[in-house]
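Visitor: prediction below, plus the sequence it came from.
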There are 2 protein chains.
Amino acid sequence: MLSKKTKYGLKALIYLARRYDQGPILIADLAQEENIPKKFLEAILLALKNNGILQSKKGKGGGYYLARSPKLITFGQAIRIMEGPLAPVPCVSETSYAKCTECGSEETCGIRIVMKDVREAMAKILDGTTLADVLEEIDKAEETQKGVLNFCI
Amino acid sequence: MLSKKTKYGLKALIYLARRYDQGPILIADLAQEENIPKKFLEAILLALKNNGILQSKKGKGGGYYLARSPKLITFGQAIRIMEGPLAPVPCVSETSYAKCTECGSEETCGIRIVMKDVREAMAKILDGTTLADVLEEIDKAEETQKGVLNFCI
DNA sequence: TATTTAGCCTATGGATTTAATAGACTATTA
DNA sequence: TAATAGTCTATTAAATCCATAGGCTAAATA
């Protein structure tokens, strides 16, 4: 299960993506709009900034904004920063491999064999989905919803 | 990341699957062979029993054994018992759905749209992989390893 | 029936992580 | 220089994870 931290972070990224090239967005506004505790959000945005996903501007007229186009930011990148590696076990992680403590031979570990496939499947989706993709999907879903509503009326 | 609890449990299941129809296995033996704290393992096996994956026999000659053929026990079943639902967010869980707190409209939530795909991909693998499958894969991997060793010598 | 075996139950504890809040500090802009 | 808004350090409550201890209960065997 994703932590609240990660959910908040993803919500914030989607929010900022929707307002890309509208200048810096205030933490306070973002927090209020998305119902995120402001101080908690501060820490999350800072982490995203320190990892190159976001940029910020201080002082009046300041705020946060995407460091690059929504087309170039993936869910995978963001989730790894906030939640850690995608891999269910460290021994199959591509981005932060570690030997499983007390796991004898890695090549013949049943758990590892299965989790390798799981990691790959997750990575394929999350590293292949950009913020721009998500915005598009949201728009599509909203159109469909409108259709459903009209149909109901 | 999988918790130690889950890893221990999966190890135990694979161990028991390998010895299916060899009668009950002692917790103590299992714990020692697989390097799992005995008391912790007790709790894990009990949970698996209470969820229909294992059966046990008390008294002398007792122990734990699979409740049914390794072909009929999947990783998905076991992981859900020990780790909880596969779904990254409760609102896409098939086995234990719950509305995300403070998530306005479910149909147009960007996070949900992506995580739905992730859940499906994970479930496809984990619900499609039985203990018998894993034993087979382990054997295959061990054969390959032998080949590598001989080649090296 | 008595005894031993081995799983079952309750509870405790430390360590770590998660979620949230408070307050002082610093850079920037007008 | 005064106001703004991000940055940093601490603290805390709650939850979860990992592990251990000790007594209880069911079952097999002598």
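Guide: Yep, it's here. Numbers count the residues shown, from 1 in each chain, chains lettered A, B, ... in the order given.

Visitor: could you list the domains of chain A?
Guide: A:4-66, A:86-152 (automatic domain parsing).

Visitor: can you list the buried residues in the strand or helix carrying residue A:148?
Guide: Residue A:148 is part of helix A:131-152, with elements assigned from DSSP states H and E. Residues of helix A:131-152 classed as buried: A:131, A:132, A:133, A:134, A:135, A:138, A:141 (neighbour count, 16 or more other Cβ atoms under 10 Å in any protein chain shown). All C-beta spots, glycine's among them, are computed from the backbone N, C-alpha and C.

Visitor: what of stretch A:72-83?
Guide: Buried residues in stretch A:72-83 (16+ other Cβ under 10 Å): A:73, A:74, A:75, A:76, A:77, A:78, A:79, A:80, A:81, A:82, A:83.

Visitor: residues touching the nearest residue to the first one once chain neighbours are set aside, list them.
Guide: Take residue A:73 and drop its neighbours on the chain: the residue closest to it by Cβ to Cβ, 6 or more residues apart in numbering or on different chains is residue A:131, 4.9 Å away. Contacts for residue A:131 were tallied using Cβ atoms under 8 Å, 6 or more residues apart in numbering or on different chains; they are A:13, A:14, A:17, A:66, A:70, A:71, A:73, A:74, A:75.

Visitor: closest to chain B among those residues?
Guide: residue A:14 (4.9 Å; Cβ to the nearest Cβ).

Visitor: would you confirm that the closest one contacts residue B:110?
Guide: Yes: with contact defined as Cβ atoms under 8 Å, residue A:14 reaches residue B:110; the gap is 4.9 Å.

Visitor: filter the buried residues of helix A:131-152 by proximity to DNA strand C?
Guide: With Cβ under 7 Å from any atom of the strand as the criterion, the buried residues of helix A:131-152 include none near DNA strand C.

Visitor: want to throw those into TSV with pLDDT and distance to residue B:44?
Guide: As requested, those are exported to TSV (pLDDT from 0 to 100; distance: Cβ to Cβ, whole Å):
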residue	pLDDT	distance to residue B:44
A:131	98	40
A:132	98	44
A:133	98	40
A:134	98	38
A:135	98	43
A:138	97	41
A:141	94	41
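
Visitor: weakest of the domains of chain A in terms of mean pLDDT?
Guide: Lowest mean pLDDT within these: domain A:86-152, at a mean of 92.

Visitor: show me how far that domain is from its chain's centre.
Guide: Mean C-alpha position of domain A:86-152 versus that of the full chain (Cα atoms, centre = their mean, to the nearest Å) differs by 11 Å.

Visitor: over to stretch A:57-73?
Guide: On Cα atoms, centre = their mean, the centre of stretch A:57-73 falls 16 Å from the chain's centre.
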